[in-house]
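**Student:** quick check, what structure comes out for this input:
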Amino acid sequence: MHSKRAYKLPKPLLCDADAEIDMELINKYVALHEERFPRYEYLENLYMGFLSNGAMKMTPSMRQL
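**Tutor:** Just a heads-up that it's a prediction; the model follows:
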């Protein structure tokens, strides 16, 4: 089935509780997180695009972004 999503939905980043925490493991999870980052930039830009089109009004809580 083909999806029209710009990015695939993320799955939870889980680690074995018994795994030794070392730089290799940390680097692995940092890399996994970095792969997801463009999706959140896309969503942020999409959200801000709605604001710039006047579809929504900027509230004080939104200005903190």
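**Student:** so for residue 7, what's the nearest residue that isn't a sequence neighbour?
**Tutor:** Sequence neighbours aside, residue 39 is the residue nearest to residue 7 in space, at 3.7 Å (criterion: CB to CB, 6 or more residues apart in numbering). For every residue, glycine as well, the C-beta is placed using N, CA and C.
**Student:** burial measure for that neighbour, as a count.
**Tutor:** For residue 39, the neighbour count with other CB atoms under 10 Å is 15.
**Student:** surely it meets residue 10?
**Tutor:** Yes - contact between residue 39 and residue 10 holds when scored by CB atoms under 8 Å: they sit 7.0 Å apart.
**Student:** what's the spacing between the residue at the greatest distance from the centre of the chain and residue 24?
**Tutor:** The outermost residue of the chain, judged against the average C-alpha position, is residue 18 (27.0 Å), by CA atoms, centre = their mean. Noted for residue 18: a distance of 16 Å to residue 24, by CB to CB, to the nearest Å.
**Student:** residue 30 too?
**Tutor:** Applying CB to CB to residue 30 and residue 24 gives a distance of 11 Å.
**Student:** just residue 4 next, same as before
**Tutor:** The spacing between residue 4 and residue 24, counted by CB to CB, is 37 Å.
**Student:** now residue 11
**Tutor:** Remark: distance between residue 11 and residue 24 (CB to CB) = 21 Å.
**Student:** give the other helices and strands that the helix or strand harbouring residue 41 contacts.
**Tutor:** Applying DSSP states H and E as the criterion places residue 41 in helix 23-52. Using 3 or more CB pairs under 8 Å, 6 or more residues apart in numbering; DSSP states H and E, no helix or strand is in contact with helix 23-52.
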